[in-house]
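Asks: Please find the sequence and the predicted model below.
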Amino acid sequence: MPSAPPRYKQKRVGGKPPDKRLTARARGYGSKWEAYRLSIIRKHIGTSGPYCACGCETVLLMGQPRHKHNAEVDHIIPHKGPSDPLFWDKANLQVLAKQCHSRKTAEQDGAFGRAKQTPRAKTGPDGWPVEAE
């Protein structure tokens, strides 16, 4: 009986390099986060209606058959991992539609060729930095 020819890994030609980030689970988004995330989304929809928190009026689809879920929980202030108190702080979370969350993350993290955002010092009318009050 003939055997299949040997398989070889194709070399990547051009394109983007492999993602260097850790997996979602390794970054703290495990089963505990999933349960917490669903409770945040359900509470948001129950109190604020099924709309994105950014104000774009996108309807959040959650638990509807034949629809992909588009509700994502966003950390308003970036955190440093699950050991950071900001990770679990309900006041630091908002529910956004997937496209709004992707746009915000890309702007903050420097995706799609953008430079990573860094906090800017406030400037006065003369253009010189002023101290925060």
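Replies: Done, it's in.
Asks: CA atoms for contacts and neighbours, from now on please.
Replies: OK.
Asks: Would you map the helices across the chain?
Replies: With helices called from DSSP state H, the chain shows them at 31-48, 85-88, 98-109.
Asks: List the buried residues of the longest one.
Replies: This means helix 31-48. For helix 31-48, a neighbour-count test (16 or more other CA atoms under 10 Å) marks 37, 40, 41, 42, 44, 45 as buried.
Asks: average pLDDT for that helix?
Replies: Per-residue pLDDT over helix 31-48 has a mean of 91.
Asks: low pLDDT regions in the chain?
Replies: 1, 8-19, 63-68, 111-123, 127, 129, 132-133 (pLDDT under 70).
Asks: what do you get if the cut-off is 90, keeping everything else the same?
Replies: 1-29, 38, 45, 48-50, 54-70, 77-83, 102-133 (pLDDT under 90).
Asks: so where do the strands sit in it?
Replies: 71-75, 93-97 (DSSP state E).
Asks: Need the ones you listed in CSV (columns: distance to residue 85 and mean neighbour count).
Replies: Output for the strands of the chain, formatted as CSV (distance: least, CA to CA, whole Å; neighbours: other CA atoms under 10 Å):
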stretch, distance to residue 85, mean neighbour count
strand 71-75, 12, 21
strand 93-97, 12, 22
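Asks: would you list the ones you listed in JSON lines and tack on distance to residue 81?
Replies: Shown next, in JSON lines, are the strands of the chain (distance: least, CA to CA, whole Å):
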{"stretch": "strand 71-75", "distance to residue 81": "11"}
{"stretch": "strand 93-97", "distance to residue 81": "14"}
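Asks: Mind checking these for the one nearest to residue 131?
Replies: For the strands of the chain, proximity to residue 131 was assessed by CA to CA; strand 71-75 is nearest, at 26.7 Å.
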